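Engineer: Dropping a prediction and its sequence here:
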Amino acid sequence: MTDAWLVVAAVGLVTVAFKAAGPVLLGRRPLPPRVLALVEVLAPVMLAALVVTQAVGGERELVLDERLIGLAAGVVAIALRAPLLVVIVAAGAVAAVARLLT
Amino acid sequence: MEEGSPRFRDGVLAALPLAPAPILFGAAFGVLAVDAGMGRLAPILMSATTFAGSAQFAAASILQTGGGVLAAVVAAVLLNARYVPLSVAVAAIFPGNRRRRLVESQLIVDESWALAGRGGRFEYAILAGAGVLFWILWVGGTALGALVGDALGDAQTLGLDAAFPALFLALLVPYLRSRRALLAALLAAGITLALLPVAPAGVPIVAASVACLVGLRR
């Protein structure tokens, strides 16, 4: 099996189990509070790590390039409460233009 | 919405204004996944089975930067762990036997869940109607991107590599109202930044998950 199919299978199985956890397994029983406290910060933690990796990640180095200019445009769009789609298009378009100019 | 219990139709209608998003994101995921070397069929199947945007983007982008299978799976699984509390919250609204609940619980995504709970209590028909529409558009959009995305051009020329950090940041911002989430996110960003220059690709993201322990602080 290739890497891609391994990822598809593993992530798919786990996600199916996560989504089914409430309706199939737990019913009306609540999660223990300490587990819930961990789960609550999982998404922001992973997203923050992804922002950094995608913005300045390279092959064992920090790379500062047009991605940061695009991200800055995205930050402005977010601050203006633009819809998600506008944020993404703004970041991509500004980075693409910056790349054309340099 | 009118009085009385909503129908499946009402769920579809409630989701309709959001329809462009899953098509365009699905297409973007298809393009990124093909670019990351996942082939054309695997991304489409992933959209059909995983059906969770940010985790799919995370997995594909980690594969693209050479982070490896383990890092891609761990990041996607941790991102999707939020579905445990989301599904627990709507556990009681699903009718039928276990098998039916197993299948229909897969319609839980952030958007269908949020729409279903808008009226103050969760409505099964809204979740199901919105979920089915989003699923069709998400899988269709992915197929579009995976099969004809090449015609759009190279991901870097399009600035897609800058669009993704912006996407993740936009998804992150709503969480930051909570002090604990803000602290955890900053810690995770710091760990990632510190490890990027020294650790193999994929390791920084997995290591950053340690920041979840902030959640246990009182």
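Structural biologist: Structure received. Numbering: from 1, shown residues only, chains lettered A, B, ... in the order given.

Engineer: Okay, residue B:4 and chain A: tell me how far apart.
Structural biologist: Distance, residue B:4 to chain A, using C-beta to the nearest C-beta, to the nearest Å: 24 Å. All C-beta spots, glycine's among them, are computed from the backbone N, C-alpha and C.

Engineer: for residue A:99, what are its contacts?
Structural biologist: A:66, B:156, B:157, B:159 (C-beta atoms under 8 Å, 6 or more residues apart in numbering or on different chains).

Engineer: Is it part of a helix or strand, or is it coil?
Structural biologist: helix (DSSP: H, G, I helix; E, B strand; the rest coil).

Engineer: Distance of it relative to residue A:71?
Structural biologist: Using C-beta to C-beta, to the nearest Å, we find residue A:99 at a distance of 13 Å from residue A:71.

Engineer: ditto for residue B:53
Structural biologist: From residue B:53 to residue A:71 the distance is 19 Å (C-beta to C-beta).

Engineer: ok, now residue B:12?
Structural biologist: In this view, residue B:12 and residue A:71 are 35 Å apart by C-beta to C-beta.

Engineer: hang on, the earlier thing: from the contacts of residue A:99, list the buried ones, please.
Structural biologist: Among the contacts of residue A:99, those classed as buried by 16 or more other C-beta atoms under 10 Å in any protein chain shown are A:66, B:159.

Engineer: ok but residue A:64 is inside a helix, no?
Structural biologist: No: under the criterion used here (three-state DSSP), residue A:64 is coil, not part of a helix.

Engineer: which residues touch the residue lying closest to it once chain neighbours are set aside?
Structural biologist: Spatial nearest neighbour of residue A:64, chain neighbours left out: residue A:56 (6.3 Å); criterion: C-beta to C-beta, 6 or more residues apart in numbering or on different chains. The contact partners of residue A:56, by C-beta under 8 Å, 6+ apart, come to A:62, A:63, A:64, A:67, A:68, B:193, B:196.

Engineer: What is the burial count for the first one?
Structural biologist: Neighbour count of residue A:62, defined by other C-beta atoms under 10 Å in any protein chain shown: 12.

Engineer: list the contacts for it?
Structural biologist: The contact partners of residue A:62, by C-beta under 8 Å, 6+ apart, come to A:56, B:193, B:196, B:197.

Engineer: Report all helices and strands that the helix ranked longest in chain B contacts.
Structural biologist: Counting by DSSP state H, the longest helix found in chain B is helix B:124-148. Applying 3 or more C-beta pairs under 8 Å, 6 or more residues apart in numbering or on different chains; DSSP states H and E, one finds that helix B:124-148 contacts helix B:8-15, helix B:20-35, helix B:41-49, helix B:110-116.

Engineer: Distance from the chain centre to stretch B:8-19, please.
Structural biologist: How far stretch B:8-19 lies from its chain's middle: 19 Å, per C-alpha atoms, centre = their mean, to the nearest Å.

Engineer: Just the buried positions in it, please.
Structural biologist: Buried residues in stretch B:8-19, defined by neighbour count with 16+ other C-beta under 10 Å: B:10, B:11, B:12, B:13, B:14, B:15, B:18.

Engineer: again, but for stretch A:43-63
Structural biologist: Applying 16+ other C-beta under 10 Å to stretch A:43-63 flags A:43-57 as buried.

Engineer: Give me the lowest-pLDDT entry from the residues you listed.
Structural biologist: Ranked by pLDDT, those bottom out at residue A:43 (77).

Engineer: and that residue, backbone torsions?
Structural biologist: Phi and psi for residue A:43, reported as degrees, to the nearest 10, are phi -60, psi -50.

Engineer: Could you measure from it over to residue B:54?
Structural biologist: 8 Å.

Engineer: Then residue B:67?
Structural biologist: Using C-beta to C-beta, we find residue B:67 at a distance of 16 Å from residue B:54.

Engineer: Residue B:38 now?
Structural biologist: Between residue B:38 and residue B:54 the distance is 17 Å, computed by C-beta to C-beta.

Engineer: For those two, indicate the residue with more neighbours.
Structural biologist: residue B:38 (25 against 22).

Engineer: shouldn't the more buried one be in contact with residue B:60?
Structural biologist: Yes: if you go by C-beta atoms under 8 Å, residue B:38 and residue B:60 touch, sitting 6.4 Å apart.

Engineer: quick one: the longest helix of chain B to helix B:8-15, angle?
Structural biologist: Relative orientation of helix B:124-148 and helix B:8-15, computed by axes from the mean of the first three to the mean of the last three C-alpha atoms, to 10 degrees: 60 degrees.
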